[in-house]
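Trainee: Structural data only, the sequence is not supplied:
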Ligand SMILES: [Fe+2]
């Protein structure tokens, strides 16, 4: 026995703890894959992993690493590798969400790596989107089953060129059509993007409904860009129901240096608590599983 497997408190996260000083690269991949398929989220702790090991380990289990073109936040590229990004754009809370659910092409899988933990606070938060769905009142379930979400974003020429990492309008059009996003270009080269998606999706296995989307942080950070498809507002009482459920079912992960977190982005929502110091350095990789999924 080189590892111990336990749950974090009574939460959903399975923790794989190194008890025999092995390298993370020695772990049985089939066991990892089976645990990942059952739980959707695994935390590897005590392996004293460094950035290069993190990259090797994630390369061995994942494929189709993507850069963050079109992403909502600004992210710092680590060691010149565009598929390795720092998540600390600002320090405030980010509510639970599925990664990049404001566009069609989402990464199916996420990896986080703790290069350095915060001195205090700044936990990563997670919850299971299946449980989130089950906790919804029947009227709210019905509301989101019947009404898609609509994101409408306006961007100046300077902003879209930066965000999409191109100044070529043709390339932007291609990216938008690949992402099923409706693009309007104004005379001054500013743009309007519109993306419509459901708030609830079927699970990969087809047996469950999953409440996973980027509704909560979008309403929190830029409320005006999100409405229902028919332009009606998401009612305040529904927002408070969602925020209450999120708080109730959240598991907090207090980072330790070298921790690695593996997340099924089709099922598990993540976010983070606010923090105040400048120590917190968490990296992310966006990709797909390199195994049948
Ligand atoms: Fe995120």
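Mentor: Received it, and whenever you're ready, just let me know what you need. Because the structure is a prediction, the values reported are computed rather than measured.

Trainee: Surely residue 57 is within a helix?
Mentor: Yes. Counting by DSSP: H, G, I helix; E, B strand; the rest coil, residue 57 falls inside a helix.

Trainee: tally of neighbours for it?
Mentor: 23 (other Cβ atoms under 10 Å). All C-beta atoms are positioned from the backbone trio N, CA, C, and that covers glycine.

Trainee: Could you measure from the closest residue to it other than its chain neighbours over to residue 54?
Mentor: Distance criterion Cβ to Cβ, 6 or more residues apart in numbering; nearest residue to residue 57, sequence neighbours excluded, is residue 24 at 5.2 Å. Plainly put, residue 24 is 8 Å away from residue 54 if you go by Cβ to Cβ, to the nearest Å.

Trainee: Show me whatever sits in contact with both of these two.
Mentor: residue 260 (Cβ atoms under 8 Å, 6 or more residues apart in numbering).

Trainee: who has more neighbours, those two?
Mentor: Taking other Cβ under 10 Å, residue 24 and residue 54 do not tie; residue 54 has more neighbours (25 against 21).

Trainee: domains for the protein, by residue range?
Mentor: Per automatic domain parsing, the structural domains of the chain span 3-129+252-289, 130-246.

Trainee: Please identify the most buried of the ones you listed.
Mentor: Neighbour counts (mean count of other Cβ atoms under 10 Å) averaged over each of the domains of the chain peak at domain 3-129+252-289, with a mean of 18.

Trainee: How confident is the prediction for the residue nearest in space to the middle of the chain, by pLDDT?
Mentor: By Cα atoms, centre = their mean, the mean C-alpha position of the chain lies nearest to residue 99, the distance being 2.7 Å. Residue 99 carries a pLDDT value of 95.

Trainee: State the distance from it to residue 111.
Mentor: Using Cβ to Cβ, residue 99 is found at 11 Å from residue 111.
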